[in-house]
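*Asks:* Okay, predicted coordinates and the sequence, questions at the end:
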Amino acid sequence: MRIARFSTDEGMSFGVVEENTIAAVAAHPFGDLTFTGQRFPLADVRLLAPILPSKVIAIGKNYADHAREMGGEPPAEPVIFAKPSTAVIGPGEAIAYPEKLSERVDHEGELAVVIGRMCREVPAARAADVILGYTCANDVTARDLQKKDGQWTRAKGFDTFCPLGPWIETEADPSDLAISTTVNGEVRQESRTSLLLHDVPSLVEYVSQVMTLLPGDVILTGTPAGVGPLEIGDEVTVTVENVGALTNRVVARD
């Protein structure tokens with residue numbers, strides 16, 4: 001099932017995508033869904049970020065080839081950091097390049113996990129019980145600021161630096177999905193989630209040992225090798241097999 005957040009002239013709603021239509025649901029997508037009876041052609045709605053999380057927890061250097069391209073060895077334990085919820089945008093929205101502050105902004109295509117219920121200290125064997133589904137993510141990063149600061153909050157926390165979408169796929173198996181990132185149609189990143197150093201269940205366990213996860217919270221699982229610069233005017237697409245494709249254009253920040 002694909003759960004989307006969308007807007008029409010009548011307002012914003014959650015809905016279930018069924019081929020070329022979207023069926024609106026009442027309230028939120030957590031728990032049993034109640035359909036309102038409204039149905040819209042998918043082409044007539046605007047897809048929004050599928051969720052507005054209280055927090056986005058991301059995992060650094062979770063593919064060995066990416067850890068090495070960044071000049072280090074793969075870490076023994078997951079490296080976690082946070083992106084603010086204000087960084088989240090949806091499909092089709094613009095990534096704002098902060099030219100006055102950064103000279104190098106990179107794409108980082110990732111599989112994202114959406115939490116479905118409040119939880120903490122979740123064993124890996126029970127991780128599936130607390131996951132609502134999966135979406136595509138782009139962990140946009142001001143690479144020069146990341147290197148300059150030594151820690152990553154500023155480099156990864158700009159408004160618009162966390163595109164998510166196009167929807168939440170509830171039935172995907174995250175263990176071996178193809179993932180790719182293209183810029184203006186050129187493939188920049190291409191890998192599989194089977195190459196994650198720490199898989200989705202172990203990440204849910206690790207993060208939930210540290211903090212309580214709330215419904216709608218997002219875990220970014222890490223990016224493979226091939227990260228690289230974006231320029232103003234570029235169109236970047238992150239595609240995850242059996243989940244979807246997330247496309248955003250880069251514009252100059254006002």
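*Replies:* Here it is on my side, so go on. Numbering: from 1, shown residues only.
*Asks:* Mind listing residues that contact stretch 183-190?
*Replies:* Stretch 183-190 is contacted by residues 107, 109, 178-182, 223-228, 230, 234-237 when judged by Cβ atoms under 8 Å, 6 or more residues apart in numbering. For glycine as for every other residue, the C-beta is placed from the backbone atoms N, C-alpha and C.
*Asks:* Buried only: go through those for me.
*Replies:* Taking 16 or more other Cβ atoms under 10 Å as the criterion, what is buried in those is 107, 109, 179-182, 223-227, 230, 234, 236-237.
*Asks:* Sketch out the strands for the stretch 151-254 of the chain, chain order is fine.
*Replies:* Along the stretch 151-254 of the chain, counting by DSSP state E, counting those that start in this stretch, strands occupy 162-169, 178-183, 186-192, 218-220, 228-230, 235-240, 244-252.
*Asks:* from the middle of its chain, how far away would the third one be?
*Replies:* What that stands for is strand 186-192. Relative to the chain's own centre, strand 186-192 is displaced by 16 Å; criterion: Cα atoms, centre = their mean, to the nearest Å.
*Asks:* and what of stretch 109-127?
*Replies:* The answer for stretch 109-127 is 14 Å, by Cα atoms, centre = their mean.
*Asks:* Only the buried residues of that stretch, if you could.
*Replies:* 109, 110, 111, 112, 113, 114, 115, 116, 119, 122, 124, 127.
*Asks:* Show me these that map onto strands.
*Replies:* 109, 110, 111, 112, 113, 114, 115 (DSSP state E).
*Asks:* Which single one of those residues is nearest to residue 45?
*Replies:* Nearest to residue 45 out of these is residue 114 (Cβ to Cβ; 19.9 Å).
*Asks:* Give me the distance between that closest one and residue 161.
*Replies:* Look at residue 114 and residue 161: by Cβ to Cβ, to the nearest Å, they are 18 Å apart.
*Asks:* now swap in residue 55 and tell me
*Replies:* 14 Å.
*Asks:* ok, the residue of the chain most remote from its centre - contacts?
*Replies:* The outermost residue of the chain, judged against the average C-alpha position, is residue 37 (29.5 Å), by Cα atoms, centre = their mean. For residue 37, the contact set (Cβ under 8 Å, 6+ apart) comprises residue 24.
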